[in-house]
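*Asks:* Could you work out the structure for the sequence below:
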Amino acid sequence: MAKKIYYSGVFVHNYIKNLLDNPPEGYEFIISVDNKKKALIDRLRGNRIVNFLYKRLIKRFFNAWEFINKGSKTAPQGIDLIFSTDSIIEENMPWIIKILDNPFAMAGNDYHLFRKNLNHLENALSSDNCKAIIVHTEASKNLMEKYFSKEVAKKVTVVIPAIPGEIKARPFHSGREFTILFMGSTNNPEVFYLKGGIEALETFKKLSEKYKNIKLIMRCKIPGEIISKYGKLRNVEFLERRLSDEEMDNLYKNSDVLISPGYNYFIMAYLEAFSYGIPVIALDTYGVSEFIHDGRNGFTVKPSKLLPINRDDYPVNAITPEFTNIIKRGDPEVIGKLAEKVSILVENRELLKKFSEECQKLFKEKHSFERKQEKLKQIFDRATSR
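*Replies:* I've put the predicted structure just below:
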């Protein structure tokens, strides 16, 4: 009889959905998504007045962390384990937390809120009920070790990300049009800047001065100011709507490289690209080098020196207006280096093919879904043993 794991959350990231749909052998997920809380948060995020008041008043004088972590639905009877994404659990039963990007996510991706509630987080994570803390990268593990006690740090386990799926066969044409793909969010235009949308467009703009056989596809929601500025660029296609599975398959099969010059790592974009043998060109920012191995399955470029990426609040400061304004001003040196890396693959299709093969090898071996499932089963087994 399968053991029952209760998952209660507000948002279900696509990567987490893959896990919930494919539990390890011997387990099943009982899923509860708080749609009312999700709808409330969505409304608040979209309200400029609320955002202004939060940053200038609420954030300074109130503890918004209590809203983030309180009010979770109580686990039903007959549950063996609670599984959470980025939120601590205060029920008196075994639980595991998965940290999707970085530890600051436990405080709503707010560094100051994280520091304010660090003792509370420490107490929860060091409790006997917290059986494991799952992270995706060594970068995240290092941050956990920086901010928490050795007792908490010893519970941290890196589970290398993987998704179900097979290697996808794709055509290889040495002389055809070269297609560059950028993947962002089709829901939230604000993350366009975080994911490197401006850098992708500026890189293509520079490349189009040199090459006539290149194309850029921007699959994401585009801010209005970006459409006004870049909408007339030749050979750029903006795909803002949701695509069917068949359309996504064709999109990947006809793309040569994924340009992802953002300020965090993007699990689903990388893994889906790897499965299709699409090399990635990215900025060498938080956690990225654990996915993109420079000169093997893509290229990495150092980010702009103008950006505050050496501060304690990085990477969550990448969503602040201060950070975004620096991105908007641009850095010609970074754009030049990104364009240089794309040029190498435009002109050397054999190297492109070699990188493509390495991507698919990594998808099968390092990012093996079967291996990830085995490791999760071991973690769940230890957590539920009496």
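*Asks:* So which residues of the stretch 101-250 of the chain form strands?
*Replies:* Secondary structure of the stretch 101-250 of the chain (DSSP state E, counting those that start in this stretch): strands located at 130-135, 156-158, 178-183, 214-219, 236-239.
*Asks:* out of these, which comes closest to Thr74?
*Replies:* Closest approach to Thr74 among these (CB to CB): strand 130-135, 17.5 Å. Any C-beta I mention is one placed from the backbone N, CA and C, and that applies to glycine too.
*Asks:* That closest one packs against which elements?
*Replies:* Where contact means 3 or more CB pairs under 8 Å, 6 or more residues apart in numbering; DSSP states H and E, strand 130-135 is packed against strand 95-98, helix 138-147, strand 156-158, helix 369-384.
*Asks:* and these as a markdown table, adding mean pLDDT, distance to Arg170 and mean neighbour count?
*Replies:* Output for the helices and strands packed on strand 130-135, formatted as a markdown table (pLDDT from 0 to 100; distance: least, CB to CB, whole Å; neighbours: other CB atoms under 10 Å):
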| stretch | mean pLDDT | distance to Arg170 | mean neighbour count |
| --- | --- | --- | --- |
| strand 95-98 | 96 | 32 | 23 |
| helix 138-147 | 98 | 30 | 17 |
| strand 156-158 | 98 | 30 | 17 |
| helix 369-384 | 96 | 20 | 17 |
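*Asks:* want to throw these into CSV with distance to His112?
*Replies:* CSV is the format used below for these (distance: least, CB to CB, whole Å):
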stretch, distance to His112
strand 95-98, 21
helix 138-147, 13
strand 156-158, 23
helix 369-384, 31
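*Asks:* tell me the domain ranges of the protein?
*Replies:* Listed by automatic domain parsing, the domain ranges of the chain are 3-162+368-384, 178-364.
*Asks:* Out of those domains, which gets the lowest mean score?
*Replies:* Among the domains of the chain, domain 3-162+368-384 carries the lowest mean pLDDT, a mean of 83.
*Asks:* so how far is that domain off the chain centroid?
*Replies:* 15 Å (CA atoms, centre = their mean, to the nearest Å).
*Asks:* quick one: Phe380 and Ala75, what's the gap?
*Replies:* Phe380 sits 15 Å away from Ala75, going by CB to CB, to the nearest Å.
*Asks:* circling back: name the stretch among the domains of the chain that sits most buried.
*Replies:* Comparing the domains of the chain by mean neighbour count (mean count of other CB atoms under 10 Å), domain 178-364 comes out on top with a mean of 18.
*Asks:* Which residue would you name as the spatial centre of the chain?
*Replies:* Geometric centre of the chain, nearest residue: Phe266, 3.3 Å, by CA atoms, centre = their mean.
*Asks:* Dihedrals phi and psi, it?
*Replies:* When read as degrees, to the nearest 10, the backbone of Phe266 gives phi -130, psi 90.
*Asks:* residues contacting the closest residue to it other than its chain neighbours?
*Replies:* If the residues on either side of it in the chain are set aside, Phe266 comes closest to Ser260, at 6.2 Å by CB to CB, 6 or more residues apart in numbering. Ser260 is in contact with 182-183, 195-196, 266, 269-270, 280-282, counting by CB atoms under 8 Å, 6 or more residues apart in numbering.
*Asks:* Distance to Tyr211 added to those, as CSV?
*Replies:* Supplementary listing: the contacts of Ser260 in CSV, determined by distance: CB to CB, whole Å:
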residue, distance to Tyr211
Phe182, 17
Met183, 22
Lys195, 24
Gly196, 20
Phe266, 26
Ala269, 24
Tyr270, 25
Val280, 20
Ile281, 15
Ala282, 21
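*Asks:* from those, which is closest to Glu138?
*Replies:* Tyr270 (15.6 Å).
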